[in-house]
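Engineer: the following block contains a protein sequence and its predicted model.
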Amino acid sequence: MIRLAVIGTSGYAGYLMDRLWELPDLCHVVAAATLDKPDSPCVINCVKRGVRMFPSLDALLTTLSPKDCEAIVVATGIDSHYGCAAQALAAGFHVLLEKPPVPTIQELAALAKLEQRMNRSLAVHFQFLYADVNQRLKKLLSSGALGPIRQLRAFAAWPRPVQYFQRSFWTGRLRTADSWVLDGTVCNSLAHLLAHQLFLATAKPGLATPVSVQAELYRANDTESEDTSSLRILTDEGVEILYCASLATLSQRDVLLEIETDKAIVRQVDFAETVVHYRDGSTEILGKPHRSKAEEDKIVRRHMLTTILDALANGKPQPFGAVACHPYVVALNAAFESNGPPKSIAAEFKHNFVSENLQQVVVEGLEQDLELAFSKRRLLSEIGVPWASASPVFICKDYMNFPMNPALKALEPVRHSAAREGVAALGRKS
């Protein structure tokens with residue numbers, strides 16, 4: 001039985017806590033740190049369940065030790081992932097960290113060092129990497145039965161209202177005063193799609209290693225960071241990955257993924273329905289869609305948590321820790337190095353759409369553009385989208401510190417370096 005403390009109680013943290021309570025044989029939530037008021041439903045529910053409540057992570061760490069609970073779950077905003085995870089590891093706790101792990105490669109490297117120094121583990125919540133269907137697909141790719149992997153392509157249209165970007169002070173931001181955030185499709189809402197492609201782009205364990213990234217990052221909404229992206233990644237094994245995603249389409253489309261190998265084309269819909277189309281005309285079904293996407297998500301989250309908790313209980317390495325997630329953060333950072341600050345989409349190419357009292361910014365014909373880029377294996381600028389423009393290729397060799405792009409360096413958070421060095425030093429003092 002793994003005892004847990006959770007940072008956060010509302011929003012996604014509350015949803016995740018519900019999944020933890022559905023695993024009573026594996027874990028017990030003993031404490032939580034929250035800014036929510038005592039009369040909020042989530043706090044009342046925690047108190048009824050006997051969860052000790054704290055007003056901050058500092059207060060929790062002052063009171064509790066690893067003798068009281070083995071692990072801390074960090075389900076906070078992107079801007080606080082590094083600080084919370086580093087403090088918890090330095091205090092001797094294992095960490096369950098919501099995706100994306102951290103915004104920058106230097107922060108991820110610091111967490112990896114803390115893991116090693118403190119002899120503790122960190123597990124990142126890229127939920128679909130743990131799913132049975134994707135583990136089966138990875139095993140099939142690794143077996144050689146499909147031949148060498150050649151190319152992956154994916155696109156996603158996940159429209160979000162203006163209110164989505166206003167729900168927290170860090171949403172839609174490139175950075176806060178203290179840290180990089182890089183919020184958007186690549187580093188938040190569809191981060192799991194990019195990690196998923198990297199995972200399936202190699203027959204080797206873990207995620208494929210990017211050697212170059214060419215990215216086009218755009219913003220249709222009134223935000224600092226991107227809400228529309230188009231990436232081409234080349235891995236160290238010569239596999240090409242194409243990623244196209246947007247939060248500014250009129251309608252939602254299923255997430256589509258194709259993997260091309262010498263002997264087959266694998267088609268996957270929404271990370272679940274998976275069919276292998278062999279070049280000899282035969283097919284193999286690896287996964288079928290659940291009749292309820294909401295229930296399917298709960299199943300996937302419970303399976304992820306079960307895998308993580310089992311590893312903790314048995315003293316085994318986490319399959320997706322800080323080191324394993326390094327290729328994802330490299331790809332994320334390299335995308336911003338390639339593009340620089342996201343480019344604004346001109347007003348003439350978009351309009352406001354109101355439905356059920358929610359306002360949404362919609363880029364004209366963007367669903368069709370994403371689908372065309374997917375089908376032609378091209379970036380948005382390469383299919384003639386009028387507001388799109390090409391960016392240079394960024395080479396990832398010896399890449400260890402974000403940012404290098406001069407336009408991004410000019411925007412670097414004022415207290416970023418000092419804050420990161422201070423928390424990383426915690427491990428050295430422990």
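Structural biologist: Sure thing, it's come through.

Engineer: quick check: which element contains L129?
Structural biologist: Following DSSP states H and E, one finds L129 within helix 127-130.

Engineer: contacting residues around that helix?
Structural biologist: 99, 134, 192, 195-196, 199, 271, 300-301, 303-304, 307-308, 319-320 (Cβ atoms under 8 Å, 6 or more residues apart in numbering). Backbone N, C-alpha and C define where each C-beta goes, glycine included.

Engineer: again with stretch 368-376
Structural biologist: By Cβ under 8 Å, 6+ apart, the residues outside stretch 368-376 that reach it are 153-157, 230, 242, 244-246, 249, 253, 256, 378-380, 382-383, 385.

Engineer: just the residues you listed: which are in strands?
Structural biologist: R153, A154, F155, A156, A157, S230, L242, C244, A245, S246, R253, L256 (DSSP state E).

Engineer: okay if I get those as a markdown table plus pLDDT, distance to I7 and neighbour count?
Structural biologist: Putting these into a markdown table (pLDDT from 0 to 100; distance: Cβ to Cβ, whole Å; neighbours: other Cβ atoms under 10 Å) gives the following:
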| residue | pLDDT | distance to I7 | neighbour count |
| --- | --- | --- | --- |
| R153 | 98 | 36 | 22 |
| A154 | 98 | 31 | 23 |
| F155 | 96 | 33 | 26 |
| A156 | 97 | 28 | 24 |
| A157 | 97 | 32 | 24 |
| S230 | 98 | 34 | 31 |
| L242 | 98 | 36 | 21 |
| C244 | 98 | 33 | 29 |
| A245 | 98 | 28 | 26 |
| S246 | 98 | 31 | 29 |
| R253 | 91 | 34 | 16 |
| L256 | 97 | 34 | 19 |
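
Engineer: nearest to A110, of those residues?
Structural biologist: Relative to A110, the closest of the ones in strands among the contacts of stretch 368-376 is A245; by Cβ to Cβ it sits at 28.3 Å.

Engineer: is it true that the closest one touches Y218?
Structural biologist: No: look at A245 against Y218 with Cβ atoms under 8 Å: they stay out of range, at 10.8 Å.

Engineer: overlap in contacts, these two.
Structural biologist: With Cβ under 8 Å, 6+ apart as the test, A245 and Y218 both reach T228, S229.

Engineer: where are the low-confidence patches of this protein?
Structural biologist: 415-430 (pLDDT under 70).

Engineer: returning to what we had before: so for the next helix or strand after the helix holding L129, what gets flagged as buried?
Structural biologist: Downstream of helix 127-130, the next assigned helix or strand under DSSP H and E is helix 132-143. Neighbour-count burial for helix 132-143, with 16 or more other Cβ atoms under 10 Å as criterion, is recorded at V133, N134, L137, K138, L140, L141.

Engineer: out of those, which is nearest to T76?
Structural biologist: Using Cβ to Cβ, the buried residues of helix 132-143 come closest to T76 at N134, 26.1 Å.

Engineer: and the residue nearest to the closest one when sequence neighbours are not counted, how far from F54?
Structural biologist: In this structure, N134 finds its nearest non-sequential neighbour in F128, 5.7 Å apart by Cβ to Cβ, 6 or more residues apart in numbering. The gap separating F128 from F54 is 32 Å, by Cβ to Cβ, to the nearest Å.

Engineer: how about P100?
Structural biologist: Applying Cβ to Cβ to P100 and F54 gives a distance of 25 Å.

Engineer: could you do R150 as well?
Structural biologist: 51 Å.

Engineer: so which residues of the stretch 201-350 of the chain form helices?
Structural biologist: 293-313, 326-339 (DSSP state H, counting those that start in this stretch).

Engineer: single out the most deeply packed of those helices.
Structural biologist: Mean neighbour count (mean count of other Cβ atoms under 10 Å) peaks for helix 326-339 among the helices of the stretch 201-350 of the chain, with a mean of 26.

Engineer: what is that one packed up against?
Structural biologist: On a contact count with 3 or more Cβ pairs under 8 Å, 6 or more residues apart in numbering; DSSP states H and E, helix 326-339 meets helix 105-118, helix 191-200, strand 210-219, strand 228-235, strand 393-395.

Engineer: report the angle between the axes of it and helix 105-118?
Structural biologist: Angle of helix 326-339 versus helix 105-118, following axes from the mean of the first three to the mean of the last three Cα atoms, to 10 degrees, is 160 degrees.

Engineer: distance from helix 326-339 to the middle of the chain?
Structural biologist: Centre-to-centre, helix 326-339 and its host chain are 13 Å apart (Cα atoms, centre = their mean, to the nearest Å).

Engineer: take that helix, keep the C-alpha atoms, and write them as PDB.
Structural biologist: Output of helix 326-339 as PDB, limited to C-alpha atoms (Å, rounded to 0.1, in the frame of the first residue of the first chain):
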ATOM      1  CA  HIS A 326      14.200  13.700 -22.200                       C
ATOM      2  CA  PRO A 327      13.500  13.300 -26.000                       C
ATOM      3  CA  TYR A 328      10.000  14.800 -25.500                       C
ATOM      4  CA  VAL A 329      11.400  17.900 -23.800                       C
ATOM      5  CA  VAL A 330      14.200  18.200 -26.400                       C
ATOM      6  CA  ALA A 331      11.500  18.200 -29.200                       C
ATOM      7  CA  LEU A 332       9.400  20.700 -27.300                       C
ATOM      8  CA  ASN A 333      12.300  23.100 -26.700                       C
ATOM      9  CA  ALA A 334      13.700  22.600 -30.200                       C
ATOM     10  CA  ALA A 335      10.300  23.500 -31.700                       C
ATOM     11  CA  PHE A 336      10.500  26.900 -30.000                       C
ATOM     12  CA  GLU A 337      14.200  27.300 -31.000                       C
ATOM     13  CA  SER A 338      13.200  26.700 -34.600                       C
ATOM     14  CA  ASN A 339      10.200  29.100 -34.600                       C
END
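
Engineer: may I see the domains of the chain written out as residue ranges?
Structural biologist: Structural domains annotated on the chain: 2-128+309-321+422-429, 132-290+322-406, as defined by automatic domain parsing.

Engineer: list just the nearest of the contacts of helix 127-130 to V329.
Structural biologist: Looking across those and measuring by Cβ to Cβ, the closest to V329 is A195, at 9.6 Å.

Engineer: mind listing what the closest one touches?
Structural biologist: K99, F126, L129, L207, C325, Y328.
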